[in-house]
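In: A predicted structure for the sequence below; I have some questions about it.
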Amino acid sequence: MSHCEDNHRDHHDHQHEHGHRHDHKHDHQHQHAQADAGASAAGRAPPLAGAEQAVFLIQNMDCPTEEKLIRDRFKSMAGIEAMQFNLIQRELTVQHRLASVDAIVAALKALDMEPALKSDTLTGAVDLAAGDDGASKISRRKWLLMALSGITAIGAEVVVWSGGQDSSWLVIGLALVAILSGGLDTLKKGWIALRNFSLNMNFLMSLAVIGAAIIGQWPEAAVVIFLFALAEMIEALSLDRARNAIKGLMAMAPDLATVQGADGEWREIATGEVALAALIRVKPGARVPLDGQVTEGQTTINQGPLPARACLWKNRPATRCLPAPSTSAVPLSIG
């Protein structure tokens with residue numbers, strides 16, 4: 001399975017080391033919510049005219065394989081207007097013209113998904129799954145089954161390497177235990193993909209395992225499906241790590257920004273309400289709430305927390321000021 005990408009909030013923060021102000025003027029779109037647009041802070045698009053919007057948390061939706069499966073299932077479903085996927089947060093936003101979301105929930109369950117309704121404009125319900133952060137929950141039982149699968153798969157290979165036959169009952173028995181304990185979920189997903197005419201990775205892996213078993217290569221079938229299932233678990237854990245890193249960066253963003261109004265006065269407003277092309281001032285030692293282009297001043301900014309960025313970055317007029325926790329010593333105007 002390929003790694004999944006997701007929508008990131010563009011309003012991050014810069015801390016400054018020296019004692020001047022910074023003004024930022026924004027020249028590109030941010031994914032923060034605007035009060036008059038009806039979009040949420042997570043960057044969801046506002047509902048279409050006359051359409052309702054339902055947001056689901058789906059624990060086992062974390063890569064493009066599941067996204068394609070859902071799209072293929074819903075594209076011919078009457079009443080579905082649009083879909084938006086947030087794979088990092090495992091959120092599915094559906095804009096629809098249905099009398100209730102029951103049909104959507106039933107369709108997702110038929111795909112072996114486990115949807116939890118977070119919000120629904122049809123009923124006015126919000127934050128129904130607020131206590132669930134979307135983190136992967138790998139049970140102790142799952143880890144034990146994976147350990148059993150690995151031990152029996154390797155055991156089947158050892159028996160063959162020691163002079164046993166691929167078709168012996170001992171090898172077949174060990175391989176079957178490995179497949180059923182570690183690869184049953186993959187086989188189930190492969191069957192669902194076949195039923196929905198979506199030839200994804202789960203279907204291809206299931207086909208490879210069944211083919212290997214048919215030609216008598218039982219140890220190879222067991223090892224292949226164990227490694228694939230283990231890779232899926234590692235991917236889920238790595239996505240949790242990425243999700244936590246993003247949350248850490250977003251937690252650094254200040255709630256307020258000092259913005260110049262039409263009358264020339266500077267006022268503090270919520271970061272999510274800052275309009276495009278607004279001029280922002282950052283006081284000495286404060287964090288930069290939004291990214292933009294420097295229009296006045298010169299300083300050094302610490303962008304160490306951003307991947308592949310130097311710890312200290314000089315910002316002059318006409319240069320980009322990237323979102324990152326940073327520290328600056330001189331006031332800037334950034335737009």
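Out: Sure thing, it's come through.
In: so residue 206 sits in a helix?
Out: Yes: using DSSP: H, G, I helix; E, B strand; the rest coil, the assignment for residue 206 is a helix.
In: wait, it sits on residue 184?
Out: No: in this structure, residue 206 is not within contact of residue 184 by C-beta atoms under 8 Å, at 10.6 Å. Where you see a C-beta, it was placed from the backbone N, CA and C, and this is true even at glycine.
In: Tell me which of those two has more neighbours.
Out: In this view residue 206 and residue 184 are compared by other C-beta atoms under 10 Å, and residue 206 has more residues nearby, 21 against 14.
In: From residue 193, how far off is that one?
Out: 8 Å (C-beta to C-beta, to the nearest Å).
In: Helices of the stretch 201-335 of the chain, start to end?
Out: Residue ranges of the helices in the stretch 201-335 of the chain, as given by DSSP state H, counting those that start in this stretch, are 201-214, 218-251.
In: helices or strands up against the first one?
Out: What it means is helix 201-214. helix 184-195, helix 218-251 (3 or more C-beta pairs under 8 Å, 6 or more residues apart in numbering; DSSP states H and E).
In: weakest of those by average pLDDT?
Out: Mean pLDDT is lowest for helix 218-251 among those, at a mean of 85.
In: For the spatially most distant residue from the centre of the chain, which residues are in contact?
Out: Here the chain reaches farthest from its C-alpha mean at residue 163, the gap being 47.2 Å by C-alpha atoms, centre = their mean. By C-beta atoms under 8 Å, 6 or more residues apart in numbering, no residues touch residue 163.
In: helix or strand for it, which one?
Out: For residue 163, there is no host helix or strand (DSSP states H and E).
In: and it, how far is that from residue 171?
Out: Using C-beta to C-beta, one obtains 11 Å as the distance from residue 163 to residue 171.
In: Likewise for residue 244?
Out: For residue 244, the distance to residue 171 equals 42 Å [C-beta to C-beta].
In: next one: phi and psi at residue 80?
Out: Torsion angles at residue 80 (phi, psi; degrees, to the nearest 10) stand at phi -90, psi 120.
In: For it, give the beta-bridge partners.
Out: For residue 80, the beta-bridge partners are residue 96 (DSSP bridges).
In: Contact partners for it?
Out: With C-beta under 8 Å, 6+ apart, residue 80 has these contacts: 74, 94, 95, 96, 98, 104.
In: and with 10 Å instead?
Out: Counting by C-beta atoms under 10 Å, 6 or more residues apart in numbering, residue 80 touches 51, 73, 74, 94, 95, 96, 97, 98, 103, 104, 107.
In: Count the residues that sit near the second one.
Out: Counted with other C-beta under 10 Å, residues neighbouring residue 73 total 18.
In: residues near residue 156, how many?
Out: Residue 156: 28 surrounding residues under other C-beta under 10 Å.
In: Enumerate every residue touching it.
Out: Counting by C-beta under 10 Å, 6+ apart, residue 156 has contacts 164, 166, 168, 170-178, 218-223.
In: switch to 8 Å and redo it
Out: When contacts are counted by C-beta under 8 Å, 6+ apart, residue 156 touches 171, 174, 175, 178, 218, 219, 222, 223.
In: would you list these in JSON lines and tack on distance to residue 288 and neighbour count?
Out: Output for the contacts of residue 156, formatted as JSON lines (distance: C-beta to C-beta, whole Å; neighbours: other C-beta atoms under 10 Å):
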{"residue": "171", "distance to residue 288": "63", "neighbour count": "22"}
{"residue": "174", "distance to residue 288": "59", "neighbour count": "24"}
{"residue": "175", "distance to residue 288": "58", "neighbour count": "30"}
{"residue": "178", "distance to residue 288": "53", "neighbour count": "29"}
{"residue": "218", "distance to residue 288": "60", "neighbour count": "26"}
{"residue": "219", "distance to residue 288": "57", "neighbour count": "25"}
{"residue": "222", "distance to residue 288": "54", "neighbour count": "33"}
{"residue": "223", "distance to residue 288": "51", "neighbour count": "21"}
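In: Show me the two of those residues that sit farthest apart.
Out: 171 and 223 (12.0 Å; C-beta to C-beta).
In: can you pull up the bridge partners for residue 294?
Out: Residue 294 forms beta bridges with residue 24, residue 334, as assigned by DSSP bridges.
In: what's the helix or strand for the residue nearest to residue 107 when sequence neighbours are not counted?
Out: Sequence neighbours aside, residue 73 is the residue nearest to residue 107 in space, at 5.7 Å (criterion: C-beta to C-beta, 6 or more residues apart in numbering). Per DSSP H and E: residue 73 is located in helix 64-74.
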